[in-house]
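Chemist: Sequence unavailable; structure follows:
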């Protein structure tokens, strides 16, 4: 009985770790809950229940008496779809019987320790190119392509480093948007850029919470009202921070 109890607790740890990694990396609420339930069922635990919000996971199993329930907090959230895909891959391997509980737990622990995100220079380069391309997409002129390229890249770099110092994401986004507004204004004042509105719009796009908005709508459609409204509120705060930073610059100058 004691051996069975220990094994059941190990299964719970695997499920919680998989859910934590997915939620921290930008996975949808329904996907996290489904993955945890499937992993538990693959290891022989048919009666499991999960409740996931953007800031926490509650998981319960009824395979043993008394019922075991555990809560973990989610503090940091980012966008790392590669890690979400890797957790999905491990989940499929568990479902097909390729991994034991210990092997799955080790793989997930190794994944938790290793950062699979792109190097900072690649992220900055992607932000720069996407900013310039968004400017063209929003019918901006080719004369503003280079200003948007530099403004978007510098703004995103400023956001990354500032967020490491200021843990409150709202202020990092607000100050980054303010810097983008100042840089756009500077390019136009120097005569390098022409349309300040197009430069600003293209440059702030890397900061726009597109994944949050998508996940919020998806969770609401799936009936996860708490998670959907929470992610929607977070996306609104990000949009408000970006808009406020730009508004401050335009109102002052």
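Modeler: That came through fine. Note that this is a predicted model, so its numbers are computed, not measured.
Chemist: where's residue 191 relative to residue 183, distance?
Modeler: 15 Å (Cβ to Cβ, to the nearest Å). No exception for glycine: its C-beta is placed from N, CA and C like everyone else's.
Chemist: And for residue 120?
Modeler: From residue 120 to residue 183 the distance is 19 Å (Cβ to Cβ).
Chemist: Could you check which of these two has the larger neighbour count?
Modeler: Between residue 120 and residue 183, residue 183 has the larger neighbour count (other Cβ atoms under 10 Å), namely 23 against 12.
Chemist: can you give me the helices in the protein?
Modeler: 2-24, 29-42, 81-95, 101-113, 120-137, 145-165, 169-189, 196-204, 210-221, 225-252 (DSSP state H).
Chemist: want to try JSON lines for the ones you listed, with mean pLDDT and distance to residue 67 as columns?
Modeler: Shown next, in JSON lines, are the helices of the chain (pLDDT from 0 to 100; distance: least, Cβ to Cβ, whole Å):
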{"stretch": "helix 2-24", "mean pLDDT": "81", "distance to residue 67": "11"}
{"stretch": "helix 29-42", "mean pLDDT": "89", "distance to residue 67": "13"}
{"stretch": "helix 81-95", "mean pLDDT": "89", "distance to residue 67": "23"}
{"stretch": "helix 101-113", "mean pLDDT": "87", "distance to residue 67": "19"}
{"stretch": "helix 120-137", "mean pLDDT": "91", "distance to residue 67": "44"}
{"stretch": "helix 145-165", "mean pLDDT": "91", "distance to residue 67": "40"}
{"stretch": "helix 169-189", "mean pLDDT": "92", "distance to residue 67": "36"}
{"stretch": "helix 196-204", "mean pLDDT": "91", "distance to residue 67": "48"}
{"stretch": "helix 210-221", "mean pLDDT": "85", "distance to residue 67": "27"}
{"stretch": "helix 225-252", "mean pLDDT": "89", "distance to residue 67": "23"}
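Chemist: what would these look like in a markdown table with distance to residue 69?
Modeler: Putting the helices of the chain into a markdown table (distance: least, Cβ to Cβ, whole Å) gives the following:
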| stretch | distance to residue 69 |
| --- | --- |
| helix 2-24 | 9 |
| helix 29-42 | 13 |
| helix 81-95 | 22 |
| helix 101-113 | 19 |
| helix 120-137 | 38 |
| helix 145-165 | 34 |
| helix 169-189 | 30 |
| helix 196-204 | 43 |
| helix 210-221 | 23 |
| helix 225-252 | 18 |
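Chemist: Select, out of those helices, the one closest to residue 72.
Modeler: helix 2-24 (5.7 Å; Cβ to Cβ).
Chemist: Could you tell me the angle between the closest one and helix 81-95?
Modeler: 150 degrees (axes from the mean of the first three to the mean of the last three Cα atoms, to 10 degrees).
Chemist: So which other helices or strands are in contact with helix 2-24?
Modeler: helix 29-42, strand 48-53, strand 56-61, strand 68-73, helix 81-95, helix 101-113 (3 or more Cβ pairs under 8 Å, 6 or more residues apart in numbering; DSSP states H and E).
Chemist: Quick check: buried residues in the first one?
Modeler: Read it as helix 29-42. Neighbour-count burial for helix 29-42 flags 29-33, 35-40, 42 (criterion: 16 or more other Cβ atoms under 10 Å).
Chemist: Please verify my assumption that residue 37 contacts residue 47.
Modeler: No - assessed by Cβ atoms under 8 Å, residue 37 is found out of contact with residue 47, at 10.2 Å.
Chemist: Residue 170 and residue 237 touch, don't they?
Modeler: Yes - here residue 170 reaches residue 237: they are 5.8 Å apart, a contact under Cβ under 8 Å.
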